[in-house]
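Asks: structure here, sequence nowhere to be found:
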């Protein structure tokens, strides 16, 4: 596997380079015209194909601002992104039941106290815990 680099072209840089449908961007490393390609963007829960350009010499990848934005919106709609601030915890046992400890910062943020009620439900392949 080559050492690939990927950039997302801002709207300003696209206008500056005159990036229209008939003009291909130039690789900033090799100064060669880049080839159109279908690239993959990896998200925490999957990948999405996206239109872009790749340098035939060094493998440098470029995705336009519009295509990157559309891919990000699609990934969010398909649930490929992790929720903001998600953390990983180990499941423990309390008596004969499974339990998960809630971090202090989340406890403070939601003003949770011992004995408070929460709602637990499954959504697709996730377990959701929400204060009542």
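Replies: The structure has been received and is ready for your questions. All figures in this text were calculated on a predicted structure; none of them were measured in a lab.

Asks: assign residue 75 to helix, strand or coil.
Replies: helix (DSSP: H, G, I helix; E, B strand; the rest coil).

Asks: enumerate every residue touching the spatially closest residue to residue 117 that is not a sequence neighbour.
Replies: Using Cβ to Cβ, 6 or more residues apart in numbering and skipping residues adjacent in sequence, the residue nearest residue 117 is residue 132, 4.4 Å away. Glycine gets a C-beta too; all of them are placed from N, C-alpha and C. The contact partners of residue 132, taken as Cβ atoms under 8 Å, 6 or more residues apart in numbering, are 116-119.

Asks: just these now: which is nearest residue 40?
Replies: The nearest member of the contacts of residue 132 to residue 40, counting by Cβ to Cβ, is residue 119 at 36.8 Å.

Asks: and that closest one, helix, strand or coil?
Replies: Applying three-state DSSP: residue 119 is strand.

Asks: what's around the closest residue to it other than its chain neighbours, how many residues?
Replies: Of all residues not flanking residue 119 in the chain, residue 130 sits nearest, at 5.0 Å (Cβ to Cβ, 6+ apart). Residues contacting residue 130 under the criterion other Cβ atoms under 10 Å number 9.

Asks: next, residue 130: secondary structure please.
Replies: Once three-state DSSP is applied, residue 130 turns out strand.

Asks: gap between residue 124 and residue 80?
Replies: 12 Å (Cβ to Cβ, to the nearest Å).

Asks: what about residue 36, which helix or strand?
Replies: In this structure, residue 36 sits in strand 35-43 according to DSSP states H and E.

Asks: what is that strand packed up against?
Replies: strand 46-54, strand 61-64, helix 65-78 (3 or more Cβ pairs under 8 Å, 6 or more residues apart in numbering; DSSP states H and E).

Asks: quick one, which of the ones you listed is nearest to residue 99?
Replies: It's strand 46-54; of the helices and strands packed on strand 35-43, that one is closest to residue 99 (Cβ to Cβ) at 30.1 Å.
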